[in-house]
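In: can't give you the sequence, but here's the structure:
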């Protein structure tokens, strides 16, 4: 395996301040979509893709601006809100192509909602991880490989705003300006390191993964929910959280902009029984919340009426292994297995210059070590491979990690 090159020299990065062809007008009509689709279809090579969402402002993960660039076609900035029903021609033009994205798992679900899905995928952020780069943000990788300073600044903005400011559109166009060139540089680097096939397997896994599954008991992620003392208080918190979700989804507003966590915790601690008592609490008496008083009070009443056997448990019910920091007390042998496995994977990570979490997911390693039952020494590798494969490990990951985990478990 070739060593990672630092890819840096003493020359200052050249600021990339504006797209070479200028910032195109935003496409926001059916006629504009048809022209953009024809232009992109006439281009050549892979398609650079990015999407801007409004995380922190909106409930949904929908795309509020889509950036597309292909050689021979230039850059397209598409507003998918007024054109969402007019994208069939665009899908026909770009879905058969290879798409280049940076952190593809962030944008693919929102694009899939618009029936925009790639036939092939290249993820430059994941390529950077596999190449052993210390920093894998888009600006850092562009500077390292292409020598450009890509200035960031609007990624966390409210992209649902209309009209979009010119400076935001300039930023958005720059995000796809050099993705094609970056893909070529990263492909050459991975080829030099002998990791091309590893990357291909990872990209296909991401392409087919689909949106993440919702985590159970998401209400337990409320800030300071652990300060609630009783099951009834937890029930109120859960009910208010769900009422907030319902309202946020209906209005397409970020939940914390509907009602802050602190207000939910205060109401759960006090459990008001009337609108007057509710409005006496912080936040609930404000003008923005008073019109929703009955909505919040109804949620509290639902929780107050629950029978004892339907109240949430003080601690979440878990099906997997406990937190690793408790293993030494709960199961010392499992703790020793985990220590040995982590040590072996850390050595492998150093040797092949790939982060441990990309070699095999930490959760999968924990489950392997926690659920392990002694087997004949000549069957350890078979059991390890079956366990990792059942957990979604790709062939290249199995080839690298099965031998070192087998040795760690045999030695334990």
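Out: Now that the structure is in, tell me what you want to look at. Everything numeric here is computed off the predicted structure, so don't read it as measured data.

In: Near residue 90, how many other residues are there?
Out: Close neighbours of residue 90, defined as other Cβ atoms under 10 Å, add up to 26. For the C-beta atoms, the positions are set from N, CA and C on the backbone; glycine is no exception.

In: tell me the SS of it?
Out: At residue 90, secondary structure determined by DSSP: H, G, I helix; E, B strand; the rest coil is helix.

In: how about the nearest residue to it, chain neighbours excluded?
Out: Counting by Cβ to Cβ, 6 or more residues apart in numbering, residue 37 is the residue found nearest to residue 90 once chain neighbours are left out, at 4.4 Å.

In: before we move on, which element is the one you found in?
Out: Assigned by DSSP states H and E, residue 37 belongs to helix 30-42.

In: which element follows that helix toward the C-terminus?
Out: For helix 30-42, the following helix or strand on the C-terminal side (DSSP H and E) is strand 44-52.

In: Tell me the buried residues in that next one?
Out: Buried residues in strand 44-52, counted by 16 or more other Cβ atoms under 10 Å: 46, 47, 48, 49, 50, 51, 52.

In: how far does the helix holding residue 37 sit from the chain's center?
Out: Distance of helix 30-42 from the chain centroid (Cα atoms, centre = their mean, to the nearest Å) equals 30 Å.

In: Stretch 175-184 too?
Out: Distance, stretch centre to chain centre, for stretch 175-184: 21 Å (Cα atoms, centre = their mean).

In: Span of that stretch from start to end?
Out: End-to-end distance of stretch 175-184 (Cα to Cα, to the nearest Å): 16 Å.

In: Would you mind checking the average pLDDT for that stretch?
Out: What stretch 175-184 shows for mean pLDDT is 97.

In: Now name the helix or strand holding residue 122.
Out: strand 120-123.

In: just checking, what packs against that strand?
Out: With contacts taken as 3 or more Cβ pairs under 8 Å, 6 or more residues apart in numbering; DSSP states H and E, strand 120-123 sits against strand 98-101, helix 104-112, helix 179-192, helix 196-209.

In: Sheet-wise, list the partners of it with their directions.
Out: When pairs are called by DSSP bridges, strand 120-123 turns out to pair with strand 98-101 (parallel).

In: Which positions in the partner strand come out as buried?
Out: Of all the residues in strand 98-101, those buried under the rule 16+ other Cβ under 10 Å are 99, 100, 101.

In: which residues touch the strand holding residue 122?
Out: Residues from elsewhere that reach strand 120-123 (Cβ atoms under 8 Å, 6 or more residues apart in numbering): 46, 97-105, 183, 186-187, 202-204, 206-207.

In: hmm, which of these are the buried ones?
Out: Going by neighbour count (16+ other Cβ under 10 Å), the contacts of strand 120-123 have 46, 97, 99-105, 183, 186, 202-203, 206-207 buried.
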